[in-house]
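1. Fold the following and give me the result.
(chains A and B)
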Amino acid sequence: AQSVTQPDIHITVSEGASLELRCNYSYGATPYLFWYVQSPGQGLQLLLKYFSGDTLVQGIKGFEAEFKRSQSSFNLRKPSVHWSDAAEYFCAVGAGNTGKLIFGQGTTLQVKP
Amino acid sequence: EAQVTQNPRYLITVTGKKLTVTCSQNMNHEYMSWYRQDPGLGLRQIYYSMNVEVTDKGDVPEGYKVSRKEKRNFPLILESPSPNQTSLYFCASSSFERGAFGSGELFFGEGSRLTVL
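-> Numbers count the residues shown, from 1 in each chain, chains lettered A, B, ... in the order given. As a prediction, the model looks like this:
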């Protein structure tokens, strides 16, 4: 069965510092992987996705993520965090064409001035 | 403007009183899905639909029903709501241009906060 684990419930970084949010998944085949961001009181917005090909994917707002099959990970990174990046971040895994999409528990990012 | 519209946005109801949360999208998407969001649990999929008249259970379907009679609408029905269904609900849609999730982008509604007393 699919599952997604985001080990860090809450992360605080200083503005301008680098960021890495962890995501580990469990799925038997090559997964479809996603990172979404949710600002307070809002719905979710797609940051980036991985279907196949280059394992380093670029997204919006300066985010990138790297798919590492050997580690079953899809960590999200940003070299320099801005105060506006404070939000909740969700990793998700999709099982091919089944229509099922599993989200992680989410990581709340706080940015210190 | 491309959007997913949910109604109502906020609702307080009582145990056992049937309610429907509507969801409509204007992007001609084949795929639609309902999620509930609870603190510490992330988003959990309730039901999804791959196309008109095609629906399937997600991970937490108990206590919910859905229907997909038209492509644009995917209502979520709570026949007899209970307090454990108090949650924030999201509807989302996507296309199938490149496989299961098309471009990969789920378009989310703004959410419906439901309280069952």
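2. What parts of chain B come near chain A?
-> Listed as neighbours of chain A in chain B under the rule Cβ under 8 Å from any Cβ of the partner chain: B:4, B:31, B:33, B:35, B:40-45, B:48-50, B:56, B:58-59, B:90, B:92, B:98-101, B:104-106, B:108-111. Every residue, glycine included, has its C-beta placed from N, CA and C.
3. Kindly recompute the last result at 7 Å.
-> Taking Cβ under 7 Å from any Cβ of the partner chain as the contact definition, chain B meets chain A at B:31, B:40-43, B:45, B:48, B:50, B:56, B:58, B:90, B:99-101, B:104-106, B:108-111.
4. Filter the residues you listed down to the buried ones.
-> B:31, B:42-43, B:45, B:48, B:50, B:58, B:90, B:100-101, B:104-106, B:108-109, B:111 (16 or more other Cβ atoms under 10 Å in any protein chain shown).
5. any idea how far A:Leu56 lies from chain B?
-> 16 Å (Cβ to the nearest Cβ, to the nearest Å).
6. least trustworthy position among the buried ones among the residues of chain B next to chain A, going by pLDDT?
-> In terms of pLDDT, the lowest of these is B:Ala100, showing 53.
7. where does chain A have its least confident helix or strand?
-> Least confident helix or strand, chain A: strand A:101-103 with a mean of 87, by mean pLDDT, DSSP states H and E.
8. Work out for me the element the residue nearest the centre of chain A sits within.
-> A centroid search over chain A (Cα atoms, centre = their mean) returns A:Trp35, at 3.6 Å, as the residue closest to the centre. Per DSSP states H and E, A:Trp35 falls inside strand A:32-38.
9. Determine the set of other helices and strands touching that strand.
-> Under the contact criterion of 3 or more Cβ pairs under 7 Å, 6 or more residues apart in numbering or on different chains; DSSP states H and E, strand A:32-38 touches strand A:44-50, strand A:87-94.
10. Pick the most buried one from these.
-> Most buried of these by mean neighbour count (mean count of other Cβ atoms under 10 Å in any protein chain shown) is strand A:87-94; its value is a mean of 24.
11. I'd like to check the angle between that one and strand A:32-38, please.
-> Interaxial angle, strand A:87-94 versus strand A:32-38 (axes from the mean of the first three to the mean of the last three Cα atoms, to 10 degrees): 160 degrees.
12. thinking again about what came up before, who's in contact with the strand holding A:Trp35?
-> Contact with strand A:32-38 is made by A:25, A:44-51, A:59, A:65, A:67, A:74, A:76, A:87-94, B:100-101, B:104, as judged by Cβ atoms under 7 Å, 6 or more residues apart in numbering or on different chains.
13. Check what pLDDT the residue nearest to the centre of chain A gets.
-> According to the prediction, A:Trp35 has pLDDT 95.
14. Once you drop chain neighbours, what's closest to it?
-> A:Leu47 (4.4 Å; Cβ to Cβ, 6 or more residues apart in numbering or on different chains).
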